[in-house]
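Participant: starting from these lines, generate the structure:
(chains A and B, ligands or ions: 2)
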Amino acid sequence: MVNKIEVIDVHKSFNGKTILSGINMQVEKGTSKVIIGGSGSGKSVLLKCILGLLEPDSGKILIDGKDVTHLKEKDRYQLMHQFGMLFQNSALFDSMSIWQNIGFGLTQQGKSPSYVKSVAIEKLALVGLASDIAYLKPSELSGGMRKRAALARAICLEPEIIFYDEPTTGLDPITSDIINDLIIKLKNELGVTSVIITHDMHSAYKIADSMTMLYKGKMIATGTVKEIQNTDNPYVEQFIHGKAEGPITQEIQDHIQ
Amino acid sequence: MNIVGIIGKVTIKATAEAGSLALFFITIWQQMFKFPIYFRLIIKQCEQIGFNSLPIVLLTAFFTGGVLALQTYSGFDNAEVASSQLGSVVALSILRELGPVLSSLMVAGRVGAAIAAELGTMKVTEQVDALITLATNPIKYLIVPRVIACMLMMPLLVIVANIIGIGGGYVVATDILGLNPHTYMDTSFAAIEFNDIALGIIKAVVFGFIIGFMGCYHGYKTSGGAEGVGRATTVAVVYASVSILISDYFITAWFI
Ligand SMILES: Nc1ncnc2c1ncn2[C@@H]1O[C@H](COP(=O)(O)OP(=O)(O)OP(=O)(O)O)[C@@H](O)[C@H]1O
Ligand SMILES: [Mg+2]
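Facilitator: Residues are numbered from 1 along each chain as shown, chains lettered A, B, ... in the order given. Ligands and ions are numbered 1, 2, ... in the order given. The predicted model follows:
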């Protein structure tokens, strides 16, 4: 299998505080990679580095085997056409209605408003939202609805790679499963390569081809769902079972003392 | 901390800020002439920046003209000199200085703050990042239309402000001070030269740019949540106002 995304020894720190210290990760073409890890461990920062929204301090990011860490502006925006991104906090444009948000990419390509609207409504249905929402502003939606509208925007142009930052957080169990199915469907039908950050283990097990855990700036474990579930790494074991006691909490307590 | 240390720190900070402003200026300049040009966004911004600023600019201009007539009149020794000179003093002051400067300061408070707050909010809520992931350059999409609209609208606002300001002076001079309307108008128009009008317009374009640029710069560089947005808004207005006053001096000095 070919690697669609390859992250090689990426470091990133903010104001002297190290967040990522040597990340290595491969995502094979047409598969989905789930990243798990504690709150504040740097998962969102890693995604932004891959997308080029943040520049890594060192290391390389390869997309289709090409180094994209120091792209020229024009090539950077060209590359963005391959990407779809669901932001953790939705990041919908609050000056636009939902259909304008979802169809933003299409409008930029010069498509007519009536066409954009019809596509937007189609995408809304995919994420389980009714069509009358299309005419509302983001501020008139609930958090979970905003998340799904943002997902519709991310998948609207049928990109080759989709990044999902906590796609099911804040959704009810049924809607969560609809989103899980959608992620799997996009992968199977369109061959999308996906990178998913999630805290929802049920969802992770369902959608992941490969899982990896970020802890203290490094990937401490990578494997299939089976391998992660049967891990002998005590950190991973504590995390995936959500136990209050274990090496992770122990280290925090030691740190406090 | 010792004095040298403080001076050093301030110098480094000021230099860094100046460099950052210059880089931002170059970035905007480069994007301004590259396709695609978002005409629709420019028009929308023109409406928000220009048309919606009309009431406040008109109000300011009218009372500025009025108070100018009142103050200048009381400064003259006798009524005869006043009636032959008041019109020209008011007209020239408005056209050269007060029209452009006061309108720009009002617009800086209204529009500069609004731009900084809107862009700042978009920045801290990752809407700017979202724009980039949708393959759209935020400088081109958000900033260039605002700066262009400011540069287009400010001269128009100043032209209207000039007319209303002179009108305000006329109303006060004739209705309240009792000067002869005909002589007042005649002396006003006799004093006005093309250069006076041109100077006001040139100033308006420069001030318009300053307002748009400062609003966009501070909005776009916002970090740190709601507090950051508040700070960006304040700083944008202060920077814009101070820059307007300083550049006003240099444009005037260069012109005279
Ligand atoms: N722009 C920034 N400037 C400074 N620090 C930042 C910035 N972005 C993120 N950080 C820091 O990086 C760390 C990791 O943040 P990140 O958002 O990646 O966490 P996360 O793993 O996504 O957590 P969560 O699961 O809660 O979303 C945090 O400690 C945060 O304070
Ligand atoms: Mg996150």
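
Participant: please count neighbours and contacts with C-alpha atoms only from this point.
Facilitator: OK.

Participant: and stretch A:194-211 with ligand 1, contact?
Facilitator: No: judged by CA under 6 Å from any ligand atom, stretch A:194-211 makes no contact with ligand 1; its nearest approach is 7.3 Å.

Participant: of all of the stretch 101-250 of chain A, which residue lies closest to ligand 1?
Facilitator: When scored by CA to the nearest ligand atom, the stretch 101-250 of chain A has residue A:199 as its residue closest to ligand 1, at 7.3 Å.

Participant: which residues touch that residue?
Facilitator: Listed by CA atoms under 8 Å, 6 or more residues apart in numbering or on different chains, the contact set of residue A:199 reads A:36, A:37, A:166, A:169.

Participant: most neighbours of all those residues, which one?
Facilitator: residue A:36 (26 neighbours; other CA atoms under 10 Å in any protein chain shown).

Participant: got phi/psi on that one?
Facilitator: Main-chain dihedrals, residue A:36, degrees, to the nearest 10: phi -120, psi 170.

Participant: for the one 4 residues further on, same thing?
Facilitator: The phi and psi torsions at residue A:40 (degrees, to the nearest 10) take the values phi 80, psi 10.

Participant: separation between it and residue A:46?
Facilitator: Residue A:40 is 11 Å from residue A:46, where distance means CA to CA, to the nearest Å.

Participant: for residue A:59, same thing?
Facilitator: 12 Å.

Participant: more neighbours: which of the two?
Facilitator: Applying other CA under 10 Å to residue A:59 and residue A:46 shows that residue A:46 carries more neighbours, namely 24 against 17.

Participant: chain B: helices as residue ranges?
Facilitator: B:3-32, B:39-49, B:54-75, B:79-93, B:99-107, B:113-124, B:127-133, B:138, B:144-171, B:181-191, B:194-220, B:225-255 (DSSP state H).

Participant: how about the stretch 151-257 of chain A?
Facilitator: Per DSSP state H, counting those that start in this stretch, the stretch 151-257 of chain A has helices spanning A:173-190, A:201-207, A:225-229, A:234-241, A:247-256. These are given in chain order.

Participant: quick one: closest of those to chain B.
Facilitator: Nearest of the helices of the stretch 151-257 of chain A to chain B, taken as CA to the nearest CA: helix A:173-190 at 18.7 Å.

Participant: so which bits of the closest one are buried?
Facilitator: A:175, A:176, A:177, A:179, A:180, A:181, A:182, A:183, A:184, A:186, A:187 (16 or more other CA atoms under 10 Å in any protein chain shown).

Participant: now swap in stretch A:232-248 and tell me
Facilitator: Residues of stretch A:232-248 classed as buried under the neighbour-count rule (16+ other CA under 10 Å) are A:235, A:236, A:237, A:238, A:239, A:240, A:248.

Participant: from memory the last one sits against residue A:235, does it?
Facilitator: If I follow you right, that is residue A:248. Yes: using CA atoms under 8 Å, residue A:248 makes contact with residue A:235 at a distance of 6.0 Å.

Participant: residues contacting the strand or helix carrying residue A:18, please?
Facilitator: Using DSSP states H and E, the element containing residue A:18 is strand A:17-28. For strand A:17-28, contacts defined as CA under 8 Å, 6+ apart pick out A:1-13, A:33, A:41-42, A:46, A:59, A:193, A:195, A:216-219.

Participant: then stretch B:221-237?
Facilitator: Identification of contacts with stretch B:221-237 by CA under 8 Å, 6+ apart yields B:108-109, B:112-114, B:116-117, B:120-121, B:123-125, B:211, B:214-215, B:217-219.

Participant: what about that stretch, near ligand 1?
Facilitator: No: judged by CA under 6 Å from any ligand atom, stretch B:221-237 and ligand 1 are separated, with a smallest distance of 7.9 Å.

Participant: for the stretch 1-150 of chain A, what lies in contact range of ligand 1?
Facilitator: A:14, A:19, A:38, A:39, A:40, A:41, A:42, A:43, A:44, A:45.

Participant: what's the most distant pair in those residues?
Facilitator: Greatest spatial distance among these (CA to CA): A:14 and A:38, at 18.1 Å.

Participant: which one's more surrounded, those two?
Facilitator: residue A:38 (14 against 9).

Participant: could you measure from that one over to residue A:150?
Facilitator: The value you get for residue A:38 to residue A:150, if CA to CA is used, is 24 Å.

Participant: does residue A:152 touch residue A:102 like I think?
Facilitator: Yes: the criterion here is CA under 8 Å, and residue A:152 meets it with residue A:102 at 6.0 Å.

Participant: shared neighbours of these two, which are they?
Facilitator: A:120, A:123.

Participant: closest approach to chain B from the stretch 151-257 of chain A, which residue is it?
Facilitator: residue A:154 (8.3 Å).

Participant: from the contacts of residue A:199, which ones fall inside strands?
Facilitator: Among the contacts of residue A:199, the members found in strands (DSSP state E) are A:36, A:37.

Participant: could you dump the contacts of residue A:199 to CSV with pLDDT?
Facilitator: Output for the contacts of residue A:199, formatted as CSV (pLDDT from 0 to 100):
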residue, pLDDT
A:36, 94
A:37, 92
A:166, 92
A:169, 88
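
Participant: residue 33: what's it in contact with?
Facilitator: Looking at chain A here, since you left the chain open. Contact analysis of residue A:33 by CA under 8 Å, 6+ apart lists A:27, A:194, A:195, A:196, A:208, A:209, A:210, A:211, A:212.

Participant: try it again with 10 Å
Facilitator: Taking CA atoms under 10 Å, 6 or more residues apart in numbering or on different chains, we find residue A:33 in contact with A:25-27, A:163, A:193-197, A:204, A:207-212, A:222-224.

Participant: could you check how far it is from residue A:163?
Facilitator: For residue A:33, the distance to residue A:163 equals 10 Å [CA to CA].

Participant: shared neighbours, these two?
Facilitator: Residues touching both residue A:33 and residue A:163 (CA under 10 Å, 6+ apart) are A:193, A:194, A:195, A:196, A:197.

Participant: which one of these has the most neighbours?
Facilitator: residue A:194 (31 neighbours).

Participant: the closest residue to that one other than its chain neighbours - how many residues pack around it?
Facilitator: Leaving aside its sequence neighbours, residue A:194 sits nearest to residue A:32 (CA to CA, 6 or more residues apart in numbering or on different chains; 4.5 Å). Look at residue A:32: counted by other CA under 10 Å, it has 25 neighbours.

Participant: tell me the phi and psi of residue A:32?
Facilitator: As for residue A:32, its main-chain torsions (degrees, to the nearest 10) stand at phi -120, psi 140.

Participant: pLDDT wise, what is the residue of chain B found nearest ligand 1 at?
Facilitator: At 7.9 Å from ligand 1, residue B:223 is the closest residue in chain B, using CA to the nearest ligand atom. We have a pLDDT of 90 for residue B:223.

Participant: need phi/psi at it.
Facilitator: phi -140, psi 160.

Participant: residue A:112 now?
Facilitator: Torsion angles, degrees, to the nearest 10, at residue A:112: phi -70, psi 150.

Participant: common neighbours of residue A:59 and residue A:46, please.
Facilitator: Shared contacts of residue A:59 and residue A:46, defined by CA under 10 Å, 6+ apart, are found at A:7, A:10, A:11, A:12, A:23.

Participant: point me to the helix or strand that includes the third one.
Facilitator: Following DSSP H and E, the helix or strand that holds residue A:11 is strand A:3-14.

Participant: that strand pairs with which strands, parallel or anti?
Facilitator: In the sheet, strand A:3-14 lines up against strand A:17-28 (antiparallel), strand A:58-63 (antiparallel) (DSSP bridges).
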